[in-house]
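> Pasted the sequence and its predicted model underneath.
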Amino acid sequence: MAHPTQLLRTALPAAALAVMAASAGTAAELDGLAPHRAVYDITLDKAKSGAGVSDLSGRMVYELTGSSCEGFTQTMRFVTRMTSSDGDATVNDLRSSTFEDQAATTFKFSSSQYRDDQQTEATAGNAKRDGSDGAIKVEVTKPLKSTKTVGSKTLFPVQHSIAMLAAARAGQSIFAADLYDGSEKGEKVYATTAVIGGKFAPGKTPALPVVKNAERLDKLASWPVSLSYFDKNNDKSDSGPSYELAFLFFENGVSQRLFIDYGDFSIRGALRDLTFLDSPPCEKKP
């Protein structure tokens, strides 16, 4: 298993954080997403003996801007203070930004990792879906220049979120798809499998902490989701997931009650602040 600080550098997938505004008429609603900012308090759930983690706390700020006509930009800052079993404390700071066009043909990504205010890693690159066969050409510019080809059925993060939300609405209990999000220095493609639980009817969602601007969720249906990420480069057919997410997925894309299991330790994310951002309507073409 990787060291805990290496695991925490992985950005949370958009599928677990997608939020849309409930106001009618925005272009983004066509895809079930709308601009927003969500703040999550991060706490340690549990750690196995030998995991090297005795305590962990922090905060994650996730922001989605754009629309289905101009494309989506996602930014995230994920700061944690981790105390090792030896009592040493480390502050880890992950910052990431991605852009994905409305047709899911272009994807740009960049991220940087800091440890105790010192930058330890930087990643940047872009991916383009070939119009002829759908294959994705990836060009990594940081930390080292490299190129690769990704299968045509691989989804980008926002595309993945939209597809999983559609599967939930359609009553599917399993949703599986390959995902490329630029993580792990731009080299990783994950095979993801989501198990979508039974639908909670509007007003029947289990009680949640009161969060400003989240009261509109009371009128929406929701689903409990467990999402596993598998390393496609791992040749062992019986190997477990690299990590797993669990969350409550609302009909409009809002996620609450986050849980992330890295194997030797797990963390929870509680939604503490939710702000819906303005989205200009798409201009009608003459």
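Noted; the coordinates are in hand.
> contacts and neighbour counts: CA atoms only from here.
OK.
> Just the helices from the stretch 151-286 of the chain, written as ranges.
157-169 (DSSP state H, counting those that start in this stretch).
> And for Asp231, nearest residue in space, chain neighbours not counted?
Distances taken as CA to CA, 6 or more residues apart in numbering put Tyr190 closest to Asp231, at 5.2 Å, once the chain neighbours are dropped.
> Do I have it right that the one you found meets Pro241?
No - look at Tyr190 against Pro241 with CA atoms under 8 Å: they stay out of range, at 9.6 Å.
> about what we covered before: report how many residues lie close to the residue nearest to Asp231.
The tally of other residues near Tyr190 (other CA atoms under 10 Å) stands at 21.
> Kindly state the beta-bridge partners for it.
On the basis of DSSP bridges, Tyr190 takes part in beta bridges with Leu179, Asp231.
> give the contact list for it.
Going by CA atoms under 8 Å, 6 or more residues apart in numbering, Tyr190 touches 178-180, 229-232.
> Check Ser152 too.
Neighbours of Ser152 in contact, by CA under 8 Å, 6+ apart: 129, 133-136.
> what's the distance between it and Pro206?
39 Å (CA to CA, to the nearest Å).
> list residues touching both of Tyr190 and Pro241?
Common neighbours of Tyr190 and Pro241 (CA under 8 Å, 6+ apart) are 229-231.
> of these, buried ones?
Neighbour counting with 16 or more other CA atoms under 10 Å marks 229-231 as buried within these.
> What is the nearest of those to Glu184?
Using CA to CA, Asp231 is the member of these that lies nearest Glu184, at 11.0 Å.
> Contact partners for that closest one?
188-191, 241-242.
> same thing with Gly198?
Contacts of Gly198 (CA under 8 Å, 6+ apart): 173, 223-224.
> I'd like those residues laid out as CSV, including pLDDT.
Converted to CSV, the contacts of Gly198 look like this (pLDDT from 0 to 100):
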residue, pLDDT
Ser173, 97
Trp223, 92
Pro224, 94
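> What about those residues, which are in strands?
If you go by DSSP state E, the contacts of Gly198 have 223-224 in strands.
> Flag the shaky bits of the stretch 101-250 of the chain, pLDDT-wise.
Scanning the stretch 101-250 of the chain with the threshold set as pLDDT under 70 gives 132, 234-238.
> can you dump the C-alpha coordinates of stretch 162-172 into PDB?
Presented in PDB, the C-alpha positions along stretch 162-172 are these (Å, rounded to 0.1, in the frame of the first residue of the first chain):
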ATOM      1  CA  ILE A 162     -23.700  12.800 -15.900                       C
ATOM      2  CA  ALA A 163     -23.700   9.200 -16.900                       C
ATOM      3  CA  MET A 164     -23.900   7.900 -13.400                       C
ATOM      4  CA  LEU A 165     -26.700  10.300 -12.500                       C
ATOM      5  CA  ALA A 166     -28.600   9.100 -15.600                       C
ATOM      6  CA  ALA A 167     -28.100   5.500 -14.500                       C
ATOM      7  CA  ALA A 168     -29.600   6.300 -11.100                       C
ATOM      8  CA  ARG A 169     -32.600   8.000 -12.500                       C
ATOM      9  CA  ALA A 170     -33.200   5.100 -14.900                       C
ATOM     10  CA  GLY A 171     -33.300   2.700 -11.900                       C
ATOM     11  CA  GLN A 172     -30.000   0.900 -12.700                       C
END
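> Buried ones in that stretch, by neighbour count?
Here stretch 162-172 shows 162-168, 172 as buried, counting by 16+ other CA under 10 Å.
> Any idea how far it is from the middle of the chain?
16 Å (CA atoms, centre = their mean, to the nearest Å).
> now do stretch 147-159
15 Å.
> first vs last residue of that stretch, how far apart are they?
End-to-end distance (CA to CA), stretch 147-159: 22 Å.
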